[in-house]
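Asker: just a sequence and a predicted model for now, questions to come.
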Amino acid sequence: MGESRRSFRRQTGDGTQWLAALQRSDLEDWIRDELVVPQQDAENLLFTDMELARVRLICTLHYELEIGVDALPVVLSLIDQLYETRQRLRSLSAAVTTQDKSIQAAIIAAMERDSGSSAPGREAI
């Protein structure tokens, strides 16, 4: 990001005080490494609320939890996978609730039968 005149602007919402603690060079590195991907206009990078939440998360991981620069992409990838899995589970749950009660009961019974069968640490001794 060699352009020293580039400024960072929030696209929506309120409350940007937390950005004061953020090192500009770190943010530029995170953008370069595509850990966060803001929109760009002629002079500004525009951050949606979702992107700002991601920057906050990265700040917490890096500054507070002291997760190193090399580990950040791995940790963020795992967090992204967790969020995606949660969203898929919500979608699946919503789909199940639209089924007949007998189908719902069969799904619940199958889940209870299989619960823990592939969970780490639950192997038969």
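Answerer: Thanks, I have the structure now.
Asker: and the strands in the protein?
Answerer: Taking DSSP state E, the strands of the chain run over residues 7-10, 39-40, 44-47.
Asker: which of these has the lowest average pLDDT?
Answerer: Note on the strands of the chain: strand 7-10 shows the lowest mean pLDDT, a mean of 47.
Asker: quick check, pLDDT for Gln23.
Answerer: At Gln23, pLDDT is 86.
Asker: look at Tyr63 and say how many residues are nearby.
Answerer: Neighbour count of Tyr63, defined by other CB atoms under 10 Å: 13. Backbone N, C-alpha and C define where each C-beta goes, glycine included.
Asker: actually Pro73, not the one I wrote
Answerer: There are 13 residues near Pro73, going by other CB under 10 Å.
Asker: how close does the residue most central in space within the chain get to Glu112?
Answerer: Nearest to the geometric centre of the chain sits Asp80, at 4.3 Å (CA atoms, centre = their mean). To Glu112, Asp80 is 29 Å away according to CB to CB, to the nearest Å.
Asker: what does stretch 25-34 rub up against?
Answerer: Met1, Phe8, Val36, Val37, Pro38, Leu45, Val55, Ile58, His62, Val69, Leu72, Pro73 (CB atoms under 8 Å, 6 or more residues apart in numbering).
Asker: and that stretch, which residues are buried?
Answerer: Leu27, Glu28, Trp30, Ile31 (16 or more other CB atoms under 10 Å).
Asker: got those residues as CSV, with pLDDT and distance to Glu51 columns?
Answerer: What follows is the buried residues of stretch 25-34, written out as CSV (pLDDT from 0 to 100; distance: CB to CB, whole Å):
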residue, pLDDT, distance to Glu51
Leu27, 92, 11
Glu28, 92, 14
Trp30, 95, 10
Ile31, 95, 10
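Asker: all set now, cheers.
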